[in-house]
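K.L.:
just need the structure, nothing else, for what follows:
(4 chains)
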2 protein chains.
Amino acid sequence: MPGTLTIGDFARATHITIKTLRRYHELGLLQPAAIDPSSGYRYYSTDQIPTAQVIRRFRDLDMPTREIAAIVATTDVDARARLIAHHLARLEAQLDQTRAAVASLRRLLEPDPPALVVEHRAAPALLVAAITASVARDDVLDWYSEAMDELRAAVVGSTVTGPAGGLYDNTLFTDDLGQAVVYLPVASPPTTGRVAPFTVPAAELAIVVHRGPHDDIDVTYGQLGSYVARSELTVAGPVREIYLVGPRDTSDASAWRTEIGWPVFRTG
Amino acid sequence: MPGTLTIGDFARATHITIKTLRRYHELGLLQPAAIDPSSGYRYYSTDQIPTAQVIRRFRDLDMPTREIAAIVATTDVDARARLIAHHLARLEAQLDQTRAAVASLRRLLEPDPPALVVEHRAAPALLVAAITASVARDDVLDWYSEAMDELRAAVVGSTVTGPAGGLYDNTLFTDDLGQAVVYLPVASPPTTGRVAPFTVPAAELAIVVHRGPHDDIDVTYGQLGSYVARSELTVAGPVREIYLVGPRDTSDASAWRTEIGWPVFRTG
DNA sequence: CGTGGACCCTCCCCCGCGGGGAGAGTCCAG
DNA sequence: CTGGACTCTCCCCGCGGGGGAGGGTCCACG
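P.N.:
The predicted model follows:
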């Protein structure tokens, strides 16, 4: 039959491996035009070559096969454009992340360990307006900025009595999933949507201030952690962060200040 | 013991999951400072925190764990720098590839199918200086440029009687691995290093010329493949490419011309 | 000093995307 | 008709990581 290709011919025409073509078939990404019911042989049409090439391009861009399947299955031009745009946005984000990782690696390799100043403080209980949720670690940043927007919107009119902060469950770091709280201290916390009054409990804290963007914050965490271990202290409860200076205050990321508070009590 | 952390403490201090720390241990990437022989408990030293953070940075940059292991195990600064530079080069290449894929995707989605001109030609046998090897598809580009440099060096003094070319086994496209030949036609082919005389066999060819950089070359292959299928022809032997205009001739990639020759014979 | 709850252990299965290879069936030109 | 090229399915492997079961360990509090 003219215009019909065996899987090998199709592989030659598209530069896609036979193995991969078979997988694309079973994933529903690229259905052969015909399958011989007795032999199971796959036969492709020449019309499918352009589709296969589009698939190849998207795979080169690391788009997940499920999304590619959605795109090639969609005839609606707008929906298709939306899917592609979504993926391109993800690529952008990934590029940014790579750039950030490179930069912070450079900083890390600089033989310039800044002095570590750990402060101990007995923090009293604090009444705040808060949003609480169970979050995965990868989602924390997105979740945080959304929640903080909602918080700011909920407290307009009230007097904000201090910098914003957050409490992060230990399991967030050990298991990539845990409770997280973001809060704003206000005189009389409202109850709106996800926003609810909350009392940050009193605690004995070991505190260190992280300077600069958060790409490096694990380094500061590490310093604090090693201080705590050396001082024979033990962790008691969720880690606290207080955002003394943040993106809302200045666009100069190197001026940001984040207080990290580790609830401790003396052991042994 | 001060300065000693359980795996959970270490996870909190480094922001690396317990699961991942255990994997890094069994991969030999990050050995715990001590292991309780009776309980199997892993204990880490605070000194290991910076190492762990370096590992995390490199993983963020998608460096394979084996390479990271090599880096953290090496005390030789130069060797370490070489390893890092190597990975940065790989990241660069990856960025280029992404850019190319995006560009060619855009071209592909433009509804602008250029006219396809397929020529038939009975190519006579041709004596050439050639390098032959079994190559994986991912390595073809690197292999090609190395081999071509070696060829050019081997034929200085001889008269080059035509454009460079290559022969590519079908299994290169169906299985990602196959024989590849690159050649330069010269009057009297030398034998030096990998370079040896070779006779490109006579063949009946279906020929199409690909215009522009090779990012899109699979599209031209697809057009030729679908022509061959519609014409009830069948493939007989390795695909041939002839580099009429290439990077050596002009840096304007859109001016490049590559002849693709598909050995065919009439079927049925 | 006992005990409960938090913590840690190993082991196995899962994901996506792809490759290697065995063993058997199919296709088709000479 | 036959042989060699082609194709089929099935299972295992790689990477880097996650989920969860089942069971042992640690230690502060009562």
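K.L.:
rest of the way, CA atoms for contacts and neighbours
P.N.:
Will do.
K.L.:
need phi/psi at A:Arg66.
P.N.:
phi -60, psi -40 (degrees, to the nearest 10).
K.L.:
and it, how many neighbours?
P.N.:
11 (other C-alpha atoms under 10 Å in any protein chain shown).
K.L.:
could you tell me the model confidence score at it?
P.N.:
On pLDDT, A:Arg66 comes in at 91.
K.L.:
cool, and A:Thr220?
P.N.:
The model's pLDDT for A:Thr220 equals 84.
K.L.:
same for the host helix or strand of it, what does it pack against?
P.N.:
Here A:Thr220, judged by DSSP states H and E, is contained in helix A:217-230. Helix A:217-230 makes packing contacts with strand A:203-211, strand B:4-6, helix B:7-14, helix B:48-60 when contacts are defined by 3 or more C-alpha pairs under 8 Å, 6 or more residues apart in numbering or on different chains; DSSP states H and E.
K.L.:
ok, the strand or helix carrying A:Thr258: who's next to it in the sheet?
P.N.:
Counting by DSSP H and E, the element that carries A:Thr258 is strand A:257-266. Strands that pair with strand A:257-266, judged by DSSP bridges, come out as strand A:203-211 (antiparallel), strand A:233-235 (antiparallel), strand A:239-245 (antiparallel).
K.L.:
need those in CSV with mean neighbour count, distance to A:Asp149 and mean pLDDT, can you?
P.N.:
Shown next, in CSV, are these (neighbours: other C-alpha atoms under 10 Å in any protein chain shown; distance: least, C-alpha to C-alpha, whole Å; pLDDT from 0 to 100):
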stretch, mean neighbour count, distance to A:Asp149, mean pLDDT
strand A:203-211, 20, 23, 89
strand A:233-235, 18, 30, 74
strand A:239-245, 20, 14, 92
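K.L.:
next up, the contacts around A:Val117.
P.N.:
A:Val208, A:Val209 (C-alpha atoms under 8 Å, 6 or more residues apart in numbering or on different chains).
K.L.:
and the contacts of the helix holding A:Thr220?
P.N.:
A:116, A:118, A:206-208, A:210, A:234, A:260, B:2-5, B:9-10, B:12-15, B:46, B:49-50, B:53.
K.L.:
if you set the cut-off to 7 Å instead, what comes out?
P.N.:
A:208, A:210, A:234, B:2-5, B:13-15, B:46, B:49, B:53 (C-alpha atoms under 7 Å, 6 or more residues apart in numbering or on different chains).
K.L.:
how far away from the center of its chain is it?
P.N.:
22 Å (C-alpha atoms, centre = their mean, to the nearest Å).
K.L.:
is any residue of it near DNA strand C?
P.N.:
No. For helix A:217-230, no contact with DNA strand C is found by C-alpha under 7 Å from any atom of the strand; the gap never falls below 12.6 Å.
K.L.:
buried set for that helix?
P.N.:
If you call a residue buried by 16 or more other C-alpha atoms under 10 Å in any protein chain shown, then helix A:217-230 has these buried ones: A:217-230.
K.L.:
for DNA strand C, find the nearest of the helices and strands packed on helix A:217-230.
P.N.:
Closest to DNA strand C of these is helix B:7-14 (C-alpha to the nearest atom of the strand; 3.3 Å).
K.L.:
please work out the average pLDDT along whichever strand or helix holds A:Gln94.
P.N.:
Take DSSP H and E as the rule and A:Gln94 turns out to sit in helix A:77-109. Helix A:77-109 comes out with an average pLDDT of 77.
K.L.:
quick one: pLDDT of the spatially most central residue of chain A?
P.N.:
Most central in chain A under C-alpha atoms, centre = their mean is A:Asp138, positioned 3.0 Å from the mean C-alpha point. pLDDT for A:Asp138: 79.
K.L.:
does it count as helix, strand or coil?
P.N.:
Look at A:Asp138: counting by DSSP: H, G, I helix; E, B strand; the rest coil, its state is helix.
K.L.:
who wins for proximity to A:Val156 among the strands paired with strand A:257-266?
P.N.:
strand A:239-245 (18.9 Å; C-alpha to C-alpha).
K.L.:
which residues touch that closest one?
P.N.:
Against strand A:239-245 from outside (C-alpha under 7 Å, 6+ apart): A:163-170, A:256-263.
K.L.:
what sits against the nearest residue to A:Val182 once chain neighbours are set aside?
P.N.:
Among residues not flanking A:Val182 along the chain, A:Gly166 sits closest, at 4.2 Å (C-alpha to C-alpha, 6 or more residues apart in numbering or on different chains). Contact partners of A:Gly166, counting by C-alpha under 7 Å, 6+ apart, are A:Val181, A:Val182, A:Tyr183, A:Arg240, A:Glu241, A:Ile242.
K.L.:
what's across from A:Gly166 in the sheet?
P.N.:
Assigned bridge partners for A:Gly166, using DSSP bridges, are A:Val182, A:Glu241.
K.L.:
please name every helix or strand in contact with the helix or strand where A:Arg152 lies.
P.N.:
Taking DSSP H and E as the criterion, A:Arg152 maps to helix A:140-154. The contact analysis (3 or more C-alpha pairs under 7 Å, 6 or more residues apart in numbering or on different chains; DSSP states H and E) places helix A:140-154 against no helix or strand.
K.L.:
burial count for A:Asp60?
P.N.:
15.
K.L.:
right, and it touches B:Ala101 too?
P.N.:
Yes. The pair A:Asp60 / B:Ala101 is scored as a contact, 6.5 Å apart, by C-alpha atoms under 7 Å.
K.L.:
any idea how far apart the tips of stretch A:167-187 sit?
P.N.:
End-to-end distance of stretch A:167-187 (C-alpha to C-alpha, to the nearest Å): 20 Å.
K.L.:
tell me which parts of chain A are close to DNA strand C?
P.N.:
A:17, A:19-20, A:23-24, A:36, A:38-39, A:41, A:59, A:62-66.
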